[in-house]
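1. One predicted model, sequence on top.
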Amino acid sequence: MSLDINTSIALASAAVALCALGVTIWQGKQNYKHNKLSVRPFLRTFEYSDTLNSKTGRLTFELMNCGIGPAIIKNFVLLYEGKEVSRNNRKTYYEFLQKLLVDFDNLKISMYGPGAAMQTGEKLLLLSFAYDLKKQDIGFADKLNLIVEYQSIYEDEVFAYDSKRDRLFHGKEVV
């Protein structure tokens, strides 16, 4: 009888230990998921226009990391009228925008390349230019589109930011 009691106690102890191991593994996975979400970046562009004086306006586009953790840039793609103009190439990016905006004043252009990291709350001025409120049409700006693929510091899932989505409101493009 003592052999059966000892065997039963050993089996019960092993079952408890296996259950504890299972709960520990499950809890570790839950903590990993939580930690990944707690450092997830979220990129967004901000477009705003302001009036410098009675004749001149300024149009500005900024990219900002509104998430909780840094965004590691994997791809930086500029499209115009739905066609890819530049992918991770500073030269084609700058040349295209300078040619497109040749008639505008106070031109400022910048971009991020692959491997760059945007910290939480960091803003990057993508494009800014001054224009004549009465003589220059800036409607072409709606044809510009930016796609940025990025990852969190865990470097597992790739997120994609598409500036065209920022211009969509309930399925209709905002103009």
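-> Cool, got the structure.
2. how would you label residue 10: helix, strand or coil?
-> What DSSP: H, G, I helix; E, B strand; the rest coil gives for residue 10 is helix.
3. Ok, residue 75 next?
-> Assignment for residue 75 (three-state DSSP): strand.
4. Show me the shaky parts of this structure.
-> 1-3, 34-38, 167-175 (pLDDT under 70).
5. mind listing the helices in it by residue range?
-> Secondary structure of the chain (DSSP state H): helices located at 2-38, 90-100, 163-166.
6. For the spatially most central residue of the chain, list each beta-bridge partner.
-> With distances taken as Cα atoms, centre = their mean, residue 43 lies nearest the centre of the chain, 3.0 Å away. Note on residue 43: beta-bridge partners residue 65, judged by DSSP bridges.
7. CSV please, covering the helices of the chain and showing distance to residue 54 and mean neighbour count.
-> The C-beta positions use only the backbone N, C-alpha and C, and glycine is treated the same way. Below are the helices of the chain laid out as CSV (distance: least, Cβ to Cβ, whole Å; neighbours: other Cβ atoms under 10 Å):
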stretch, distance to residue 54, mean neighbour count
helix 2-38, 49, 10
helix 90-100, 26, 15
helix 163-166, 30, 15
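8. Minimum distance to residue 62: which of the ones you listed has it?
-> Closest approach to residue 62 among the helices of the chain (Cβ to Cβ): helix 163-166, 11.0 Å.
9. And the protein, what are its domain boundaries?
-> The record's domain split for the chain, according to automatic domain parsing, is 1-38, 40-173.
10. if we can go back for a sec, would you check how far apart the residue nearest to the centre of the chain and residue 80 are?
-> Residue 43 sits 20 Å away from residue 80, going by Cβ to Cβ, to the nearest Å.
11. How much space separates residue 16 from residue 7?
-> Applying Cβ to Cβ to residue 16 and residue 7 gives a distance of 15 Å.
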